[in-house]
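Colleague: structure here, sequence nowhere to be found:
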């Protein structure tokens, strides 16, 4: 778990460094990467909640 956290922390730091090096267009790419990750997170949570609702619903 700690190794995975350190890996993603390194990946985030690398993304920030790349954004700084890209200059003016860097923040756009950085927000695109964060936004894409957030969209994936929200959609997967929605799928998990839908799955849980279907399992919890009484069978008719």
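Modeller: Received it, and whenever you're ready, just let me know what you need. This structure is a prediction, so every number in the text was calculated from the model and none was measured.

Colleague: in terms of secondary structure, what does the helix or strand bottoming out on mean pLDDT in the chain contact?
Modeller: Lowest on mean pLDDT, DSSP states H and E among the helices and strands of the chain sits helix 2-22, with a mean of 85. When contacts are defined as 3 or more C-beta pairs under 8 Å, 6 or more residues apart in numbering; DSSP states H and E, helix 2-22 packs onto helix 26-56. The way it works is simple: take the backbone N, C-alpha and C, and place the C-beta from them, glycine included.

Colleague: thinking again about what came up before, and for the least confident helix or strand of the chain, what's in contact with it?
Modeller: 26-27, 29-30, 33 (C-beta atoms under 8 Å, 6 or more residues apart in numbering).

Colleague: if any of those are buried, put those into a ChimeraX selection.
Modeller: Remark: buried members of the contacts of helix 2-22, expressed as a ChimeraX selection using 16 or more other C-beta atoms under 10 Å:
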select :26,30
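
Colleague: residue closest to the middle of the chain?
Modeller: residue 37 (2.8 Å; C-alpha atoms, centre = their mean).

Colleague: hmm, back to that, same list (the contacts of helix 2-22) but as TSV, adding distance to residue 43.
Modeller: Formatted as TSV, the contacts of helix 2-22 follow (distance: C-beta to C-beta, whole Å):
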residue	distance to residue 43
26	26
27	24
29	21
30	21
33	16
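
Colleague: circling back: now do the least confident helix or strand of the chain: distance to the chain's middle.
Modeller: 13 Å (C-alpha atoms, centre = their mean, to the nearest Å).

Colleague: so that helix versus helix 26-56, what angle?
Modeller: 140 degrees (axes from the mean of the first three to the mean of the last three C-alpha atoms, to 10 degrees).
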